[in-house]
Structure formats: C-alpha cells, structure tokens
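In: here is a sequence together with a model predicted from it:
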Amino acid sequence: MNHFEPPIHWNDYEDVAMALYEKFGDDFTEAKIYRIRFTELLEWVLALPNFSGTRDQANEGHLEQIQAKWVYEWRDNQK
C-alpha cells in the first residue's frame, strides 16, 4: 500500500468489517456471514493487515458487532 493505515483494534467494528469485506468480497452473503463460527471469525480478524488487537482481548460482544457490521457492509455493496 502506498499510504499509511492506522492500526485497527477490536472496537473498530466498521474498519474490521470493511477489511473483511475487502478480503472476501461477495463470497459471504448475509446468511453466510451470520453462520460463521466465532472461532473462525476470530482467526480471520487476527490475520487482517494492520490489526493490532490480541486474542486475549477478543470477546463474544466484539465478534457479534463485527459480524453485524460486516453484514451492513455487504448490504451496502449490493446496490
């Protein structure tokens, strides 16, 4: 990348969701996003470039918020 991107943290739900959408595109529909196991989602988030959160900081609430924002991101890109 040509520009500096600040680190992403667990509570940056929209940034995480956008990064996941950029990574997976339309491979995951709304229904598929809601069926992702949190164990898988956790690994995907931790593997994102610029993600600076740790596994120990993760909790179900963060993962639920990320999942919901990912669905909104997917919906926005279906127009």
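Out: Sure, I can see it.
In: can you map out the helices along the protein?
Out: Counting by DSSP state H, the chain has helices at residues 13-24, 30-35, 38-46, 60-76.
In: could I get those in a markdown table, plus columns for mean pLDDT and distance to residue 54?
Out: Yep, even glycine has a C-beta here, placed from its N, CA and C like the rest. Conversion of those to a markdown table gives the following (pLDDT from 0 to 100; distance: least, Cβ to Cβ, whole Å):
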| stretch | mean pLDDT | distance to residue 54 |
| --- | --- | --- |
| helix 13-24 | 96 | 14 |
| helix 30-35 | 96 | 23 |
| helix 38-46 | 97 | 8 |
| helix 60-76 | 97 | 12 |
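In: dump the ones you listed to CSV, plus distance to residue 5 and mean neighbour count.
Out: Below are the helices of the chain laid out as CSV (distance: least, Cβ to Cβ, whole Å; neighbours: other Cβ atoms under 10 Å):
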stretch, distance to residue 5, mean neighbour count
helix 13-24, 9, 19
helix 30-35, 23, 13
helix 38-46, 15, 14
helix 60-76, 17, 17
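In: distance to residue 7 for these - can I get that in CSV?
Out: Output for these, formatted as CSV (distance: least, Cβ to Cβ, whole Å):
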stretch, distance to residue 7
helix 13-24, 10
helix 30-35, 24
helix 38-46, 13
helix 60-76, 15
